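>>> Starting from these lines, generate the structure:
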Amino acid sequence: MRADARRNYDRLVAAARTAFAELGADAPLDDIAVRAGVGNATLYRHFPTRQALLEAVFRDHIDALCHRAEELMSAPEPGSALREWMGAVIAQGSTERGLAASLLATLGEDGPSCRAAVFGAARGLLERAQETGEVQAGVSVEQLFKLVNAIALVTETEPDASGQAAALLDLVFQGLIPRP
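Below you'll find the predicted structure:
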């Protein structure tokens, strides 16, 4: 990438990060281009879709979640490891206004993306917890993410968002435990 194109890319990502934090994931793309000091064509050349821009903004966060999943793969209690990781996903979704909604909206999309990376990380933790019987068989990664995103969405504006999210995650996990 040429140096000027790289500068524009970086300015767009920085402007989008600020706009998404202030206005949510539905921040106007025209506003982001203005904040970055570039035209709309430059924005769309780098980011043909809103999702592509969201992924660029949140790539570092997704990488951190994937790294944490790798660390938790060797935890002695796979169910607890999965629950801890889901809590980290909820915390991330709650700190980035509208991120949970934007991720939820793309659950059915295909292609290489942050979604593929984070779903892969979750799949390893989920399968390990299922193999040890700590989470019931038949639960899918897609179902987990719908639950996680729902919790992040409903708690992101609560005064005690982290406490509310933890309580809801506890309820979800009680439902994931196999029954005799």
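>>> And the next helix or strand past the lengthiest helix in the chain?
Across the chain, the longest stretch assigned as helix under DSSP state H is helix 50-72. Once helix 50-72 ends, the next helix or strand along the chain (criterion: DSSP states H and E) is helix 78-95.
>>> Packing partners of that following helix?
Contacting helix 78-95 under the criterion 3 or more CB pairs under 8 Å, 6 or more residues apart in numbering; DSSP states H and E are the following elements: helix 50-72, helix 99-105, helix 114-131, helix 141-155, helix 161-176. Placement of C-beta: from N, CA and C, glycine included.
>>> What angle do helix 50-72 and it make with each other?
On the basis of axes from the mean of the first three to the mean of the last three CA atoms, to 10 degrees, helix 78-95 is oriented at 150 degrees to helix 50-72.
>>> excluding its backbone neighbours, what's nearest residue 89?
Leaving aside its chain neighbours, residue 89 sits nearest to residue 148 (5.0 Å; criterion: CB to CB, 6 or more residues apart in numbering).
>>> domain ranges for this protein?
Each domain of the chain is listed here as a residue range: 1-48, 52-176, per automatic domain parsing.
>>> how near is residue 156 to residue 25?
11 Å (CB to CB, to the nearest Å).
>>> no, scratch that, I was asking about residue 31
On the measure of CB to CB, residue 31 and residue 25 end up 13 Å apart.
>>> between those two, which one's more packed in?
residue 25 (22 against 14; other CB atoms under 10 Å).
>>> So in the protein, where's the weakest helix or strand by average pLDDT?
Lowest by mean pLDDT, DSSP states H and E among the helices and strands of the chain is helix 99-105, with a mean of 54.
>>> my guess is residue 69 meets residue 127, correct?
No - using CB atoms under 8 Å, residue 69 is not in contact with residue 127, being 11.8 Å away.
>>> Which one's more surrounded, these two?
residue 69 (23 against 15).
>>> Now the more buried one: closest residue in space, sequence neighbours ignored.
Residue nearest to residue 69 in three dimensions, not counting chain neighbours: residue 121, with 3.5 Å by CB to CB, 6+ apart.
>>> I'd like to know how many residues surround the one you found.
22.
>>> check which helix or strand covers residue 48.
Going by DSSP H and E, residue 48 is not part of any helix or strand.
>>> about what we covered before: want to throw the helices and strands packed on helix 78-95 into CSV with distance to residue 10?
Formatted as CSV, those follow (distance: least, CB to CB, whole Å):
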stretch, distance to residue 10
helix 50-72, 10
helix 99-105, 20
helix 114-131, 18
helix 141-155, 28
helix 161-176, 30
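>>> wait, which of the ones you listed is closest to residue 91?
For residue 91, the closest of the helices and strands packed on helix 78-95 is helix 161-176, at 6.6 Å, according to CB to CB.
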